[in-house]
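Novice: Sharing a sequence plus its predicted fold:
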Amino acid sequence: MKTIKQAFRTLLVFMLIFYCVGVYAQRKEVSYFNDSVEICPLADKELIDSCYYLLDRNMMLETEGVYGQIVVLDATTSEVLAWASLEKMLDGECEGCGDMVYVPFKKKVCSTDIFVPFIAARCLEESNTPLGRMVDTECGILEVSDSLKIRDHNWRRGGYGKVTFEKALLMKSRIGMYKAFTIMPNGTDLWRQACDTTAKSNAIELAMTFNQKYHPKSSLGYVKKIATGIFEKKGIQHRLAPEGVKLAGMYNIRQSDDNKRTSDEFTFVGCFPADNPKYTIGMVVIRPHKLPANIGMLSKEVNQLIEWLMNRNK
């Protein structure tokens, strides 16, 4: 009897192995980038397929991206539910031509610049500075020193002038953020560290970091207020919000002001529903530098994924 049971168990194991191989044969190149993150290969195949489809057919195509990542986490546990990683293998004989291929989930593809507004919010709260306090963002250009000049995105239109810290963060005023940093000891050093443009992160780390910032163990609430307000009417990204779902998070494009720019970095992090999050999404797309470059290029696809996830659980 024991022999029969052992044989049956062995058969079940082999059946499971063949099933896994069959399901993921077409994605055999995808590998785990970090042993400390437990990713179950059978977590959610349907969701993984949806992530690959959006990344391949929509996001990379819309932006002319050459490398992209999407990850979906369980917002309550930070467990990785699904991921996707694609790269365009460029054809040397045809500029811009090439096929999308499945590739390992790279460790270092983007900066953490997207978190600067949230870090600024935390600086304000830790220093007991009200979000309603006024800050002068001047004409949109601030020369701190010979090596540090900060510009707001609307500097050509005269900047935001005097606004509340809350307004400055919700409009992504770099000058307002910088002045929030300087409230803290060594604020200028903190600013330089936070604005480091080195590619040292990826979609999974962005999503997990946002989860930690949005669900703090302490009672800090400024981060939540900015993360949700950015997609409300008073926030600069309110037109990108999905219909019928309260979203918390942010889109970001990292670009430089000099002529040495070689690539554009599109990122997104967010969780939803904001009042009781079920999912957290991290997204990265890298492409050669070109114009136009706007975050609306990706919001439609992100909203499709959000809508699909919300409807699937109904």
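Specialist: The structure has been received and is ready for your questions. None of the values given here were measured: they were computed from a predicted structure.
Novice: Going along the chain, name the helices of the stretch 151-300 of the chain.
Specialist: Taking DSSP state H, counting those that start in this stretch to define them, one finds helices in the stretch 151-300 of the chain at 165-170, 174-181, 187-194, 203-214, 222-229, 296-312.
Novice: by how many degrees do the longest strand anywhere in the chain and helix 203-214 diverge?
Specialist: Secondary structure of the chain per DSSP state E: the longest strand is strand 80-91. When axes from the mean of the first three to the mean of the last three Cα atoms, to 10 degrees is applied, the directions of strand 80-91 and helix 203-214 differ by 140 degrees.
Novice: rewinding a little: could the helices of the stretch 151-300 of the chain be laid out in JSON lines, adding distance to V116?
Specialist: Quick note: C-beta positions are derived from backbone N, CA and C, even for glycine. Output for the helices of the stretch 151-300 of the chain, formatted as JSON lines (distance: least, Cβ to Cβ, whole Å):
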{"stretch": "helix 165-170", "distance to V116": "10"}
{"stretch": "helix 174-181", "distance to V116": "6"}
{"stretch": "helix 187-194", "distance to V116": "5"}
{"stretch": "helix 203-214", "distance to V116": "12"}
{"stretch": "helix 222-229", "distance to V116": "11"}
{"stretch": "helix 296-312", "distance to V116": "19"}
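Novice: so can I have a markdown table of those showing mean pLDDT?
Specialist: Shown next, in a markdown table, are these (pLDDT from 0 to 100):
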| stretch | mean pLDDT |
| --- | --- |
| helix 165-170 | 98 |
| helix 174-181 | 98 |
| helix 187-194 | 93 |
| helix 203-214 | 94 |
| helix 222-229 | 96 |
| helix 296-312 | 91 |
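Novice: for stretch 133-143, which positions count as buried?
Specialist: Neighbour counts over stretch 133-143 (16 or more other Cβ atoms under 10 Å) mark 135, 137-140, 142 as buried.
Novice: go on, stretch 307-314?
Specialist: 309-310.
Novice: same thing with stretch 194-211?
Specialist: Buried-residue list, stretch 194-211, by 16+ other Cβ under 10 Å: 194-195, 199, 201-211.
Novice: Can you tell me what sits against it?
Specialist: Stretch 194-211 is contacted from outside by 33-34, 37, 69-73, 75, 78, 80, 83, 105-116, 118-119, 181, 249, 254, 256, 265, 267, 269-271, 280-284, using Cβ atoms under 8 Å, 6 or more residues apart in numbering.
Novice: Restrict the residues you listed to the buried ones and give me that as a ChimeraX selection.
Specialist: Entered in ChimeraX, the line below selects the buried ones among the contacts of stretch 194-211, by 16+ other Cβ under 10 Å:
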select :33,37,69,70,71,72,73,75,80,83,105,106,109,110,111,112,113,114,115,116,118,119,181,249,254,265,267,269,270,271,280,281,282,283,284
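Novice: Of the contacts of stretch 194-211, which belong to strands?
Specialist: Using DSSP E, the contacts of stretch 194-211 in strands are 69-73, 80, 83, 249, 254, 265, 267, 269-271, 280-284.
Novice: Good, wrapping up.
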